[in-house]
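Student: next come a sequence and a model predicted from it.
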Amino acid sequence: MLGNQMESDKMIEISEADFPEIPEIAALEREIFPDAWSLKSLEETWKQKNAAIFVAKTKEGMAGYLIFYYVLEEGEIARIATAHSVRRQGAASQMFRKLLDFCREQKITRIMLEVRENNEAARQFYGKCGFTKDGIRRNYYENPKENAVLMSVNL
């Protein structure tokens with residue numbers, strides 16, 4: 001019984017973000033990224049017609065988020081992030097599956113992204129999701145200066 005209770009405490013729920021959740025996303029963004037998006041930028045993104053934000057939540061609160069922009073049949077993952085406390089527990093995979101459902105509904109057939117060249121964990125995750133490397137964008141990131149690896153997957 002105790003084992004089952006512990007598992008249910010870590011359950012992760014995935015949904016589209018509601019506007020009142022944006023400050024929580026902004027707080028998590030600041031914890032995770034040296035180049036964090038501002039609260040205002042996140043609020044503006046949430047209001048955009050061709051943007052979607054998905055959140056992962058546990059009983060403890062916000063566990064992660066995924067920001068996606070799309071036009072016609074193509075989309076781009078702008079951010080996917082999970083709190084340190086839930087890393088390697090399936091939150092990113094669950095958000096990605098929710099994104100795939102969304103893409104099917106919207107008739108999106110290709111997803112693109114860019115990732116820091118030295119972010120090996122993220123690159124491995126994207127590879128497991130079917131993404132392949134398309135190229136390099138030199139010195140794309142600041143703080144610290146780093147190349148971006150361009151990746152995509154056809155659905």
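Tutor: Arrived safely, thanks for sending. Numbers count the residues shown, from 1 in each chain.
Student: in the chain, where is pLDDT below threshold?
Tutor: Under the criterion of pLDDT under 70, the regions of the chain flagged as low confidence span 1-10.
Student: elements contacting the longest helix along it?
Tutor: When the chain is parsed with DSSP state H, its longest helix is helix 91-106. Judged by 3 or more Cβ pairs under 8 Å, 6 or more residues apart in numbering; DSSP states H and E, helix 91-106 is in contact with strand 13-16, strand 51-58, strand 61-71, strand 74-82. In this view, the C-beta of every residue, glycine as well, is placed from N, C-alpha and C.
Student: partners of the last one, with directions?
Tutor: So the one you mean is strand 74-82. strand 61-71 (antiparallel), strand 110-116 (parallel) (DSSP bridges).
Student: export the ones you listed as CSV, with columns for distance to I25 and mean neighbour count.
Tutor: Output for the strands paired with strand 74-82, formatted as CSV (distance: least, Cβ to Cβ, whole Å; neighbours: other Cβ atoms under 10 Å):
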stretch, distance to I25, mean neighbour count
strand 61-71, 5, 20
strand 110-116, 18, 19
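Student: nearest to E43, out of these?
Tutor: Nearest to E43, of all these, is strand 61-71, at 12.2 Å by Cβ to Cβ.
Student: show me the contacts for the spatially most central residue of the chain.
Tutor: For the chain, the residue nearest the mean C-alpha position is I80 (1.7 Å; Cα atoms, centre = their mean). Residues near I80 by Cβ atoms under 8 Å, 6 or more residues apart in numbering: G64, Y65, L66, I67, A92, M95, F96, A122.
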